[in-house]
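take a look and give me a structure for this.
(chains A and B)
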Protein chains: 2
Amino acid sequence: MADAPKANAVVGQSGGPTGVINASLVGVIEEAAKHPQIENIYGAVHAVAGMVKDDFIDLKSISAETLELVAASPSSAIGTSRDKPDAEYCAKILEVFKKRNIRYFFYIGGNDSANTAHILNTMADEIDFDIRSFHIPKTVDNDLLVTDHCPGFGTAAKFEACALMGDDLDNRALPGVKIDVIMGRDAGFLTAATALGKQRDDDGPHLIYFPERPVSMEKFVADVDAVMTRLGRCVVTVSEGMRDADGVTWAKKLAEKAETDDHGNIQLSGTGALADFLSAQVKENLKVKRVRADTFGYLQRSFAGLQSEIDVDEARRCGREAVKLAMEHDNGSVAIKRIANGADYAVELFRTDLCNVAEHSKPMPDEFINDEGNGITDAFVEYAMPLAGELPKTEYLGARPRV
Amino acid sequence: MADAPKANAVVGQSGGPTGVINASLVGVIEEAAKHPQIENIYGAVHAVAGMVKDDFIDLKSISAETLELVAASPSSAIGTSRDKPDAEYCAKILEVFKKRNIRYFFYIGGNDSANTAHILNTMADEIDFDIRSFHIPKTVDNDLLVTDHCPGFGTAAKFEACALMGDDLDNRALPGVKIDVIMGRDAGFLTAATALGKQRDDDGPHLIYFPERPVSMEKFVADVDAVMTRLGRCVVTVSEGMRDADGVTWAKKLAEKAETDDHGNIQLSGTGALADFLSAQVKENLKVKRVRADTFGYLQRSFAGLQSEIDVDEARRCGREAVKLAMEHDNGSVAIKRIANGADYAVELFRTDLCNVAEHSKPMPDEFINDEGNGITDAFVEYAMPLAGELPKTEYLGARPRV
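Residues are numbered from 1 along each chain as shown, chains lettered A, B, ... in the order given. Got it, this is the predicted structure:
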C-alpha cells in the first residue's frame, strides 16, 4: 500500500436526505482538516450530478460555527441526487477528478452510493489513477448490510416514536381506527420504530405491518376488528411497502388500478392512496364510525429541530472515520459494531469492503417481527431504543377509576 | 351577584385535541384546589358525552408530579367529544349536575364549546339552578372571536414552522415542486404559520394559499410556474380549506367528483385527495419532473414532545383564570389581550361574555395576507412569531460560490 497521496478530496451526499447526513458531512470536513495530505475539500453540489458537471463548493473555508449549524440541520446541505451513474457517467467524473487532482472520494449514502464508490474505485484502478474511495452509511430505512445500524435511522425512529405517542393519545381522546403510513419501501425498521414510545399496556400502535410480511386484506381487516373489540379503538402503522398475500405491494396494485380505471386528473397512485385505500377497507368491512388515515411523508426525514443525540454523534464519527481510514486504505465502507447495549450502549466503527455493502439491502430480521406478522418483539425494542434516544413521557387520565 | 356557592366542579375538554389543552386542564385543577368553595373537581370523560352519562374521574387526587406530565402531554387527557348538545342533551346534563351538586362548569374548547357553556348556563337559569359556566379557549385554528389568539395555536404553529424549515431544505437538496396541505378548514392562520421559520430570502414556502382567498387552478399553476422559473424549485403550502375561484372548497369538489365517478373502494375524498389533485395539476400543466405532495394530518396537533413554551404557559394561565373568574362572575369566556409585542411580548387575561365567542369564528385579518392572496405579510410574522416561540436555526451550503 502506497502512502496517502497529497491531493484534493471531494465529498458528496447522495439519495434521500436524513436528519443527520449533515453531521457526517461535518465529520468528513473536520477530520480532513487534520490531515495535511488532504489539500482542498470540495463539496459536490447535488452529489454525482455536481461531480460530472465540475460543480463544487469549497468546504475548507467554512467556519466552525457554521459547521455546527450544518450538523444540526436536516436535509443534505450540499444538495443530493437520485442519479445512478453508469460506466460512462463514472468515466466523466474521473476526468473531473483528474483535472482537479481529486484523489479522495467520500460518499455519504445508501447501498447505491456504496456501489458508486465501488465502481469509481474499480474504474480508476483500471486507468492507473489512484483514488481512495469511501462510503459513509446513511439511510432512514436502516437497510444496509454489515453495519449494525445506519446513521439517519435513529433520528427518523425518534420522529416516528414521538408521532405515534401523540397520535395514540389523540386516538384515546377521540376513539376509532387510525392508520398511519410510514416510510420504508423494502424494510420495516422505521415502521417498527412507531412502537418505541409505548408506555402503557394498551398504548398504540396496536398493529404494525411490514414489507417483510405480506398480509391479505381479509387478515388486515380481521386484525383491526379484533383490536376494536378488545379496546374500542385501534391504531395501526403500515409500511408504504406493505404487501398483499401474493407478495405484490399495495402501492403497485393501487397504481395499476388507477391506470386501468383512467380517472383523468386524479391519481390513485398519489401520496395518500394507500392510506385512503386501507381506510376505505376498514369502513366498508367493519362497523366503525370513525376511521382516519395519515401518510407521514417527508416530515419523517426532514423535521427541523428533531435529532437523536446518539444518531448525530455516530453520523459525525462515521464521517471522521472515513477520512482516517482513507489515510491507510484504498477503499471501504464505514460500518458500526455495537459492543454494548442498553444503558451501557456503545459502538466501535470498522471498515468493510465496498462490495459488501453495495447494491444489496437488509430486511428486518425475523426475530424483530412477532409470529403473527403484525407487531414487533422485545428484541426490536432492545435493538432500536438506544438509537432513538430519550423520548418524552406522557400521561393519560381518561382510563382512571370512575367516581 | 351571590357569593360563590360551596359545590362541586366539572371540567371537560371538547373538540379536536391540541398540544396544550392539557395545560389548561391542569390550570383549572391547580387553581380549583386553592378555593374552598370548590369541593370536588370531576373530569368529564369524553366531554359532554361523559357529563350526560354521569361518567367522571376524580381530578383532585392526582399528584402534582402527574399533573406536570399531563401538562406536557399532547391530546386531551380526559378524552374529548364532537357532540354538539341540543336542549334535550343539555337538560340531561343539568340533571346529572344537580344530582352531583355540580355548580361550576369549566369547558375547554372552541366556539362550539363556548356555545355549550352558554346554553347550559341559560337553561340552568331557567330552572333556577345556579351554575357558574366558563369557557376556556382552545383551538389550533386560532379562529375564536375576541381573544388576541388561542391557546393551542402557538404549539401547532411551531410544528408547521419546523416542518416547513425541514421540508424546504429537503426541496433545496432535491429540487422540484413540493406541496403541503395544512389543517384549518375555515381559517388560514396555521397555513400562514408555515412561513415562520424562513431565514433566507429564497427559503420556502414560496406560495401560501388560504381559505380566505379563493384561487382558480389556472392562477395556482401560473404562480407555481413563476416560482419555478425564478428559483428552479417551489415549496407551496395550502390550507385544507383552499377554495376554487367560485368560493367552493376543492375538498368538496373532489368529494363530489368521487361520488359521481363511483370508483368503488377508492375514495377520492380521502385524506390525500387534495394533495394528490394539486400535484397532478402541476404535473399535467407544467414541465416539472419532480412533484411531491404531503398532507400533514393529525401530527400537527398531537406530536409528542413539541410545545411552544409561551403557549403552554398561557394555556395554563387561561385554565387558572377561569376558576378565578368563577369566584366573581356567573359565566364568561377567558380571552387574551396582548399588551406588548416583540421581545417584550406580554399578555393580560380578561373575561368576555360567552355569547361573544359562541358559534362564530374569525378568519385571518386582511392585513396578514399579501395583495396577491398567495403569501403572508410582515404583520402576520410580528403577530405569530412570539406565539410559536424559539425556532431552530438551519444552514444550507449548496448556494455558496463555486470553486
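
tell me which parts of the stretch 301-403 of chain A are close to chain B?
Counting by CB under 8 Å from any CB of the partner chain, the positions of the stretch 301-403 of chain A adjacent to chain B are A:301-306, A:391-398, A:400-403. C-beta coordinates here come from the backbone N, C-alpha and C atoms, glycine included.

now the closest residue to chain B within the stretch 151-300 of chain A: how far from A:Asp141?
Closest to chain B within the stretch 151-300 of chain A is A:Gly272: 1.0 Å, counting by CB to the nearest CB. For A:Gly272, the distance to A:Asp141 equals 21 Å [CB to CB, to the nearest Å].

likewise A:Glu348?
A:Glu348 is 23 Å from A:Asp141, where distance means CB to CB.

also A:Leu391?
A:Leu391 is 21 Å from A:Asp141, by CB to CB.

so between these two, which is more surrounded?
The neighbour comparison of A:Leu391 against A:Asp141 (other CB atoms under 10 Å in any protein chain shown) goes to A:Asp141, with 28 against 19.

how about that one, secondary structure?
Look at A:Asp141: counting by DSSP: H, G, I helix; E, B strand; the rest coil, its state is coil.

so who does A:Ser75 touch?
Neighbour list for A:Ser75: A:17, A:21-22, A:302, B:166, B:169-170, B:172-173, B:396 [criterion: CB atoms under 8 Å, 6 or more residues apart in numbering or on different chains].

before we move on, what SS does it have?
The three-state label given to A:Ser75 by three-state DSSP is coil.

how about the backbone phi and psi for the closest residue to it other than its chain neighbours?
Residue nearest to A:Ser75 in three dimensions, not counting chain neighbours: B:Leu169, with 3.5 Å by CB to CB, 6 or more residues apart in numbering or on different chains. The phi/psi pair for B:Leu169 (degrees, to the nearest 10) reads phi -60, psi -40.

just A:Arg292 next, same as before
For A:Arg292, the backbone dihedrals (degrees, to the nearest 10) come out as phi -130, psi 150.

distance of it from A:Ala226?
19 Å.

the two: who's more crowded?
Taking neighbours as other CB under 10 Å, A:Arg292 and A:Ala226 compare with A:Arg292 leading, 19 against 14.

hey, what's the residue nearest to the more buried one when sequence neighbours are not counted bridged with?
Distances taken as CB to CB, 6+ apart place A:Lys178 nearest to A:Arg292, at 5.2 Å, with adjacent residues excluded. Beta-bridge pairing for A:Lys178 (DSSP bridges): A:Val235, A:Arg292.

show me the contacts for A:Lys178.
A:167, A:170-171, A:204, A:234-236, A:291-294, B:298.

any chance you could map the helices in the stretch 1-150 of chain A?
Along the stretch 1-150 of chain A, counting by DSSP state H, counting those that start in this stretch, helices occupy A:21-32, A:47-53, A:64-72, A:87-99, A:111-126.

same check on the stretch 151-300 of chain A?
Along the stretch 151-300 of chain A, counting by DSSP H, counting those that start in this stretch, helices occupy A:153-173, A:189-192, A:217-231, A:250-261, A:273-285, A:299-302.

out of those, which is closest to B:Ala251?
helix A:273-285 (13.2 Å; CB to CB).

for stretch A:167-185, buried residues please.
Within stretch A:167-185, the residues that count as buried by 16 or more other CB atoms under 10 Å in any protein chain shown are A:167-184.

ditto for stretch A:329-341
For stretch A:329-341, burial by neighbour count (16+ other CB under 10 Å) applies to A:329-336.

give me the pLDDT for the residue nearest to A:Arg292.
Note for A:Lys178: predicted pLDDT of 97.

and for A:Thr271?
Reading off the model, A:Thr271 has pLDDT 80.

what's the burial count for it?
Here the number of neighbours of A:Thr271 (other CB under 10 Å) works out to 24.

that one and B:Phe296 touch, don't they?
No. Between A:Thr271 and B:Phe296 there is no contact under CB atoms under 8 Å: 11.4 Å.

find residues that contact each of these two.
Counting by CB under 8 Å, 6+ apart, the residues touching both A:Thr271 and B:Phe296 are A:Gly297.

would you list the contacts of A:Lys178 in TSV and tack on pLDDT and distance to A:Lys257?
TSV is the format used below for those (pLDDT from 0 to 100; distance: CB to CB, whole Å):
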residue	pLDDT	distance to A:Lys257
A:Asp167	98	28
A:Asp170	97	31
A:Asn171	97	29
A:Gly204	98	29
A:Cys234	98	26
A:Val235	98	27
A:Val236	98	22
A:Val291	95	20
A:Arg292	95	22
A:Ala293	95	17
A:Asp294	96	21
B:Tyr298	96	27
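
in TSV: the residues you listed, plus distance to A:Ile38.
Formatted as TSV, these follow (distance: CB to CB, whole Å):
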residue	distance to A:Ile38
A:Asp167	46
A:Asp170	50
A:Asn171	53
A:Gly204	50
A:Cys234	55
A:Val235	50
A:Val236	50
A:Val291	57
A:Arg292	53
A:Ala293	50
A:Asp294	46
B:Tyr298	48
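
ok, those vs A:Met217, which is closest?
Taking CB to CB as the measure, A:Val236 is the one of the contacts of A:Lys178 closest to A:Met217, at 13.0 Å.

next, work out how far apart the closest one and A:Tyr396 are.
Counting by CB to CB, the gap from A:Val236 to A:Tyr396 is 19 Å.

try A:Ala258
Per CB to CB, A:Ala258 is found 40 Å from A:Tyr396.

tell me which of the two has more neighbours.
More neighbours surround A:Tyr396 than the other of A:Ala258 and A:Tyr396, with 23 against 18 (other CB under 10 Å).

list the residues that contact the more buried one.
In this structure, A:Tyr396 makes contact with A:169, A:172, A:200, B:73, B:75, B:77, judged by CB under 8 Å, 6+ apart.

for the third one, which non-adjacent residue is closest in space?
Once its chain neighbours are removed from consideration, A:Arg200 has its nearest residue in A:Tyr396; the separation is 7.3 Å (CB to CB, 6+ apart).

hang on, the one you found is in a strand, isn't it?
No. A:Tyr396 is assigned coil when assessed by three-state DSSP, not a strand.

ramachandran coordinates for it?
For A:Tyr396, the backbone dihedrals (degrees, to the nearest 10) come out as phi -130, psi 130.

pLDDT wise, what is it at?
We have a pLDDT of 97 for A:Tyr396.

any idea how far it is from A:Ile376?
22 Å.

A:Arg400 too?
For A:Arg400, the distance to A:Ile376 - CB to CB - is 28 Å.

which one's more surrounded, these two?
Set A:Arg400 next to A:Ile376 and count neighbours by other CB under 10 Å: A:Ile376 wins out with 24 against 17.

quick check, that one in contact with A:Ala195.
Yes. Counting by CB under 8 Å, A:Ile376 does reach A:Ala195; the two are 5.2 Å apart.

overlap in contacts of the two?
A:Ile208.

got CSV for the contacts of A:Tyr396, with pLDDT and distance to A:His360 too?
Putting the contacts of A:Tyr396 into CSV (pLDDT from 0 to 100; distance: CB to CB, whole Å) gives the following:
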residue, pLDDT, distance to A:His360
A:Leu169, 98, 39
A:Arg172, 97, 41
A:Arg200, 96, 39
B:Ser73, 98, 42
B:Ser75, 97, 41
B:Ala77, 98, 47
